[in-house]
Every structure is written in C-alpha cells, then in structure tokens.
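>>> Predicted coordinates and the sequence they were generated for:
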Amino acid sequence: MTQRNNIQTGENPDISRPLNFIHQIIEDDNASGKFNKRIHTRFPPEPNGYLHIGHAKSICLNFGTAEKYNGLCNLRFDDTNPIKEEDEYVNSIIEDIKWLGFDWGDRLYFASDYFDKMYEYAVDLIKKGKAYVCDLTAEEIRQTRGSLTEAGQESPYRNRPIEENLDLFERMRKGEFSDGSRTLRAKIDMTSPNLNMRDPVMYRILHASHHRTGDKWCIYPMYDWAHGLEDSIEKITHSICTLEFEDHRPLYDWFLNELGVYHPQQIEFARLNLTYTIMSKRKLLELVQGKYVNGWDDPRMPTISGMRRRGYTPAAIRNFADRIGVAKRESTIDVALLEFSVREDLNKIAPRFMGVMNPLKVVIDNYPENQAEELEAINNPEDESTGIRKIPFSKVIYIEKTDFMEDPPKKFFRLAPGREVRLRYAYFVTCTDVVKNESGEVVELHCTYDPATWGGDSPDGRKVRGTIHWVSAKHAIPAKVHLYDRLFTVPNPSGDKEGCDYKEFINSESLKVLTNCPVEPNLSDAKPGLQFQFERLGYFCIDPDTTNDNLVINRTVTLRDTWAKIANRR
RNA sequence: UGGGGUGUCGUCCAAUGGCAGGACAUACGGCUCUGGACCGUAGGAUUGGGGUUCGAAUCCCUACACCCCAGCCA
C-alpha cells in the first residue's frame, strides 16, 4: 500500500507536497521488495544540443528522486547517433548539471562505452532467431510497415537462416556494405497495432566518425535497442522518460525479456512546457544558427546556460521544478511561476544597489555647490548580516524619467511640480522648477532639499507618499544595461495559430540595450556573475562581457510593479 | 480510422469511496524609507450523460475533447 507522505522534502523547507505518482510507484516497489529497496535512476541526454529548463525538470526528478530515497543517479550520454553529436554539447551538459548542484560521483557513462556489449547481445538475439538482417531500403521498409489501420507486410529477408544472418551482421560491422543498404531488425510482429513492434530496426549502417569511438564502428544501434540495454547494464531500477516513449515500452520490455537480462521499470511523465517560449531542441538550434539570438547562452534562451547568464540561480530553478510537480497530463506552466521562483530566491540573497535606467537630471538648488556627503544604505533588508554601505550624495543627481510627471494622475505618488518625495536613504526634496527643451520635453528639474531630513527621516514626523531612487551625477559610473523580456509575444509560439511559423512571434523588444546608465559607484569593482537588485527596478547581474572600463549588466527579472498595473489599466 | 495516453479553479499540482485543498496568477485591503518584500481577504474547477453506493473527482457503462505513434532521430 502506498503511504501518504507529507514530510517536508527537498532543499526548500517551504515546499512540501504529497508524493508524485513516480514516488508512489517507488514506495510501492520498496514495499513489495521489487528492487530490494534499491533506487537507481539516470539522466540520459543525447549530446546534440544545450540543456534547457525542460531538461532541468527531468534532472531534478532523476537526481532528486535518488537523493530522496538514498539511491544513485547516473549521468549517461546517449550517444548512439554520430551524425548529430558533439563534444561541445557533452561539456556544456556536464557544466550545466553541476551548476544546478547535482553530483553523479564517478558514474559518468556513455552509451558508446557499451557498443561492444550491445553487439554481443545482438548476436545473441540472432542466434535465438529473434533478429535478422534485412536488405530492404529505407523506403521499402516504410512502404511495408503498413499504416495506423493496416498491418505491415513481412520482409522477404525475415526468414533468413540464422547462420546467414550471423555472417551478414558481422560483415555489416566490418564495413562491407554501404550506408543504408542493410539493417538488423528484430523479428516481432508485422501485424501489431503498435507500430514500434513491427520488426523495428536495431542497427543501421553509418560510415560516420563518432565523437568518442572514432571510426571503430560503421553500424550504430537505434534508440529502442540501445536504451534498455544501457539501463540494464547500469542496473537502473526506474528508467524515467517522457510521455512519447510510452508506446515504446512494450519494445523496451520485449528486448530485455528476450535477452533474459536485468530488467528496469520504464516510467513516463509529461515533459515541461512553458508559456512565451519554446522547448524544442530543433527550434532552439535554429534560433542560434539563424542568429535570432546571440548563441546558446543568450539570456533570452530557455537554456540552462542562458538562464545562468540571465541571472537565474540554481535554487530558483530547483524550487521551480519542485513546485510544478510531476504528472502524466500534458500541461503548460505559466512563466510567471518561474519568475516568482527567481524573485523569491533573489529577494533573500541579492544585495541592493541604486541605478538609473533612463536618467533625468535634477539640480538641488539649495545644496552647497561643492559639497558631497556619504549616506548609509542597507545592503539587504531581508538579511541584516549583510550590513550597510555608503553612497555619495551631491548637488546634481539623476533620477528615473518615469519617476516624474508634470501633470500626474491621481494615484501617482512620485515627483511632480511642487510635490515632496523622499530620495531613498538621503533627503526629502521638493520640485520647484521644470526645464524643457524646444520640443517641450522635460530635460531637467530643480528641487530644494530639507537638510533636517538627512538619511531620509523627517524629524517633524511629516510623511511623503513616494520614495524614489537616485544616483549622484558626479560619482556615478556608466553602465551598459541589457533589458531582457520574453522571447516571444504569444503564450504558445509553437502552436498558437495554424500555419504560422514560431519565428513570426519573436518579440522584437525582447532585448533593449541602454548605454551610459548612471549607477552607484559601489558597483565599480563588481565581478561577472554578481546578482543584485537595483532598488525599485528589478534583479540584475553582471554579464561576463564586463571589462575594467565597460560594465555590462543584465536584467534578470523586474520587481513586481503595482504602479505599472495601475498605469496600464487606463 | 488501429494502438497508446490524458481530462479537477485562468495556469499547474493534490484529494488513493467520506468537508474538492495548495501554489502561481487576478482583485481588494493592511504594513512599509523599494508602489519591492511581508501579512490578510475574496472570487474561481471535477468534460457531458447514465449507473453502483448511505456517500463518487475517485468504481462501472457511454459519449466527447485533447496529446502521441507510420525516422535507418532520440
């Protein structure tokens, strides 16, 4: 019997949920002793692209399940197709999984390590009369496979004598035949309603160089043949994969049963879909190759490397994976949940700074010309241990253009002519004059300050409605800021409108580059990777392109902005 | 059309024959030197139709909808 388990799990004690269906299966197996209470999973990427947030779900599931049940999880590259696979991808995948915080010990495996063993097993199957060499071309195989409603026809080579099969298969391996001229097929049932069981191809001839085995092989195993063997060899208990492999499970089971070898349990779950993005490796590759984005680690990409560069934390991604759950029904997660997860984590750990995206010059008329003073600011109100820092203040400052309105609507609490607001950690200031250029655009403000409000508190107890951020003009350092937004303009770019290519929905405003943004001087020695909050704006990080005299900052995600909601309503 | 799967708030996930609950999102309020964070409140769902049962999201029948499968890709 399955037991309910409401004990808190995972790294975030706030997140506690009942068992997902896979963990229920595992606990049932543990109860029945199916695998002697042993739990061994694996994450089996094909090294033909970079990992994305969908893979992160699978990684968290497989490694997380092993952690939860004191089991093991292997990292195994499923490199059975030399045409698509490269070492660059192997390296990036290793880096990404490590960064997420998972560890596979010394259990780093490659399907290609098992090619010899797989070949032996194939010979076994031939000897048992369960596999044969087929001379049909790809086209002929397709034509004789039948259809969804019609049975297939048996290959004329299906009943070849075992000896002949053995001989031909060995000659396939030796390279005597050309690409595509022959295959090794399992002899199952051409009338099966499950197309996967209609004598599936086990080996194809491919005179291609493999990223690890070089030119040793010219025949390569197909997924269905290889994958169960990989799992079996590694003594995996629960082989977790996505829904589209459900139809393949009878074949997975058939191979292992015919061979009479150790037999893991395949379990399928629904892959992750996210609004406003795409998850298809093929399409992601197209975005990279077509230069729609600046590489796999472009911060707009849903790749792990892109999200890392964007400023996401491993904890945010892992918490997200915990929150979305695991089930069999196809679903699309609202990207707002991902954004919530990263804000939640960054709110706790990100130091605060001030920076201005769209500067408006403000002269404080009654502030002494050459004076400058240092004011104290709290580094992180969520974490007292991070202490305080000093920020310089002087007569001329920059504020955000959007923090001033000449003719403000009712609920606008920021600066306006005659109105007093607080400059965060500094003084109360009142706007006394507005300077415009010829076209009527506000280019400069004049204010007076109240010296008694030093530090931002009013001794007479008077209140102001707004507090705005600022940077001293004289002390500011310039930064280049990348404002990232969603890559697509519609929630489901891949399938929203019939006949539309997803690329038509690329958000032309997904990247805005701002130059010479004044930011507080405390950021002058910030190192790439630093994650922080610009107060009132959002979470940001230092981009790796940053050099000594060129500070490059990426926006991870904005803060929740209730004013924007009010403003958008009208 | 054959086979395999899936249908619960706007979106995800739970409820394992016994009060349909949580998270995000949304709306409103409180608090605040970030219109942030935090706290509180509210609205909001069992695909339809039959049946079994004291009692059904859950079991049975039936209809419907959606997803996957006809690569020598994984």
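Thanks, I have the structure now.
>>> show me where the stretch 451-570 of chain A has strands.
Assigned by DSSP state E, counting those that start in this stretch, the stretch 451-570 of chain A shows strands spanning A:467-468, A:470-472, A:477-484, A:511-519, A:531-534, A:538-542, A:551-558.
>>> Can you lay out those strands as TSV showing mean neighbour count and mean pLDDT?
All C-beta spots, glycine's among them, are computed from the backbone N, C-alpha and C. What follows is the strands of the stretch 451-570 of chain A, written out as TSV (neighbours: other CB atoms under 10 Å; pLDDT from 0 to 100):
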stretch	mean neighbour count	mean pLDDT
strand A:467-468	21	98
strand A:470-472	25	98
strand A:477-484	20	98
strand A:511-519	16	98
strand A:531-534	23	98
strand A:538-542	24	98
strand A:551-558	22	98
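>>> Nearest approach to RNA strand B belongs to which of those strands?
Comparing the strands of the stretch 451-570 of chain A by their distance to RNA strand B (CB to the nearest atom of the strand), the top pick is strand A:467-468, with 4.0 Å.
>>> does that closest one come close to RNA strand B?
Yes. Strand A:467-468 comes into contact with RNA strand B (CB under 7 Å from any atom of the strand), by way of A:467-468.
>>> Quick check: which helices or strands does that strand pack against?
strand A:420-423 (3 or more CB pairs under 8 Å, 6 or more residues apart in numbering; DSSP states H and E).
>>> Does anything pack onto the strand it packs on? Which helices or strands?
Right, strand A:420-423 is packed against strand A:428-436, strand A:467-468 by 3+ CB pairs under 8 Å, 6+ apart.
>>> and the first one, does that touch RNA strand B?
I take that to be strand A:428-436. No. Strand A:428-436 lies out of reach of RNA strand B by CB under 7 Å from any atom of the strand, never closer than 9.5 Å.
>>> So which of the helices and strands packed on strand A:420-423 is the most surrounded?
strand A:467-468 (a mean of 21; mean count of other CB atoms under 10 Å).
>>> so how far is that one off the chain centroid?
Strand A:467-468 sits 35 Å away from the centroid of its parent chain (CA atoms, centre = their mean, to the nearest Å).
>>> Give the partner strands of that strand in its sheet and their orientations.
strand A:420-423 (parallel) (DSSP bridges).
>>> dump the residue contacts of A:Asp96.
By CB atoms under 8 Å, 6 or more residues apart in numbering, A:Asp96 lies in contact with A:50-51, A:304-305, A:308.
>>> likewise A:Pro368?
A:Pro368 neighbours (CB under 8 Å, 6+ apart): A:Lys395.
>>> quick one: it and A:Tyr449, what's the gap?
Relative to A:Tyr449, A:Pro368 is positioned 11 Å away (CB to CB, to the nearest Å).
>>> number of nearby residues for whichever residue of chain A sits closest to RNA strand B?
Closest to RNA strand B within chain A is A:Gly456: 2.1 Å, counting by CB to the nearest atom of the strand. A:Gly456 has 17 neighbours, counted by other CB atoms under 10 Å.
>>> just for the stretch 1-150 of chain A, where's the confidence low?
For the stretch 1-150 of chain A, the stretches with pLDDT under 70 are A:1-17.
>>> what are the ranges of the strands in the stretch 101-250 of chain A?
Counting by DSSP E, counting those that start in this stretch, the strands of the stretch 101-250 of chain A are A:108-110, A:131-134, A:183-186, A:201-205, A:219-221, A:238-242.
>>> before we move on, back to that, out of the helices and strands packed on strand A:420-423, nearest to A:Asn294?
Proximity to A:Asn294 (CB to CB) singles out strand A:467-468 among these, at 33.3 Å.
>>> Now tell me what touches the closest one from outside.
A:399-400, A:403, A:414-415, A:421-424, A:456, A:536.
>>> run the last query once more with 10 Å
Contacts to strand A:467-468, defined as CB atoms under 10 Å, 6 or more residues apart in numbering, come from residues A:354, A:356, A:362, A:399-400, A:402-404, A:413-415, A:421-426, A:428-429, A:456, A:535-536.
>>> Give the ChimeraX command for selecting the buried subset of the residues you listed.
Only the buried entries of the contacts of strand A:467-468 go into this ChimeraX selection, using 16 or more other CB atoms under 10 Å:
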select /A:354,356,362,399,400,403,404,413,414,415,421,422,423,424,425,426,428,429,456,535,536
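>>> What residues does the stretch 1-150 of chain A have near RNA strand B?
Counting by CB under 7 Å from any atom of the strand, the stretch 1-150 of chain A sits next to RNA strand B at A:2, A:4, A:17-21, A:24, A:46, A:78, A:80-81, A:84, A:136-138, A:141-142, A:145, A:147-149.
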